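**Student:** Turn this into a structure:
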Amino acid sequence: LICDDEQSQCHIGDMTGGNIGAAGLNAALKQQSVLTELSDNMDSFEDELFRIEEYVGMALQYQRVSSTENDFVLEKVSVDGVIRDTIKKYAKIMIRRHIGINYSGTGQEVYTDGKWLAFMLEQILSNAIKYTPQGFVTIETAEEKDRFFITIKDTGIGIKAEDLPRVFEKGYTGSNGRTDKRATGIGLYLCRRILAKLGHSITIVSTPGVGTTVRIGLEQDALEVE
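**Tutor:** Below you'll find the model as predicted:
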């Protein structure tokens, strides 16, 4: 800070040794405010574009699942690779919303359709992020007998007890969906249909105000697709 006693004015010295007067400082602050607003708008735009891409992808997958011809290819799939790709897809949104992610990795391989497994994990992680205003999401894996489980836990708003039995119904959004006008009630419906066709399982438990836990059970040995 440089003061001129004769003119009773103070100026802020810049990095090159020059001075920025009050008008220059106001202009700089205004420019910074504009840049911040543009950055916030860009984040909002990117979120909206990402959401539209999700809706389009969901519509395409709905058509495929509803088709009389099954589009499933069973093979050994690296669970870790699918999970990490899913986390990477949602990383920017989680960072912007200050939502943490806990996942330690796994070396397990299972018999499934990698493309459809990725779609289901994306739906579940998307819901976890959407309904977690703050906190974190934890992804855990565990082997039990001849099955392998992927568990996704969040610290979000949870699901009301009266809504829980109906979350897999087509078009059902529950009280959370009525709050979020953009909810479609299709994501979990598709997950259940796909898992049933693949011979996998899914369960959901939730406590309002505490969070939701989704558990997917996968086969470790080859199996026939429905």
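
**Student:** Tell me how many other residues surround residue 207.
**Tutor:** Other residues near residue 207 number 13, with proximity taken as other C-beta atoms under 10 Å. Backbone N, C-alpha and C define where each C-beta goes, glycine included.

**Student:** now residue 133
**Tutor:** 11.

**Student:** Now the helix or strand hosting residue 136: buried residues?
**Tutor:** Assigned by DSSP states H and E, residue 136 belongs to strand 135-144. Neighbour counts using 16 or more other C-beta atoms under 10 Å place 136-139, 141 of strand 135-144 among the buried residues.

**Student:** got it, and stretch 92-111?
**Tutor:** So for stretch 92-111, counting by 16+ other C-beta under 10 Å, buried means 93-94, 99, 101, 103, 106, 108, 110-111.

**Student:** So which of those residues belong to helices?
**Tutor:** Among the buried residues of stretch 92-111, the ones falling in helices (DSSP state H) are 93-94.

**Student:** Make TSV out of the buried residues of stretch 92-111 and add pLDDT and distance to residue 128.
**Tutor:** Shown next, in TSV, are the buried residues of stretch 92-111 (pLDDT from 0 to 100; distance: C-beta to C-beta, whole Å):
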residue	pLDDT	distance to residue 128
93	88	11
94	90	10
99	93	8
101	95	10
103	96	12
106	93	19
108	91	21
110	91	21
111	89	26
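
**Student:** so what does the strand holding residue 136 touch, helix or strand wise?
**Tutor:** Applying 3 or more C-beta pairs under 8 Å, 6 or more residues apart in numbering; DSSP states H and E, we find strand 135-144 packed against helix 79-96, strand 99-102, helix 114-130, strand 147-154.

**Student:** For the strand or helix carrying residue 217, name the packing helices and strands.
**Tutor:** Residue 217 belongs to strand 211-219 when assigned by DSSP H and E. Strand 211-219 sits against strand 109-112, helix 114-130, strand 147-154, strand 201-207, with contacts defined as 3+ C-beta pairs under 8 Å, 6+ apart.
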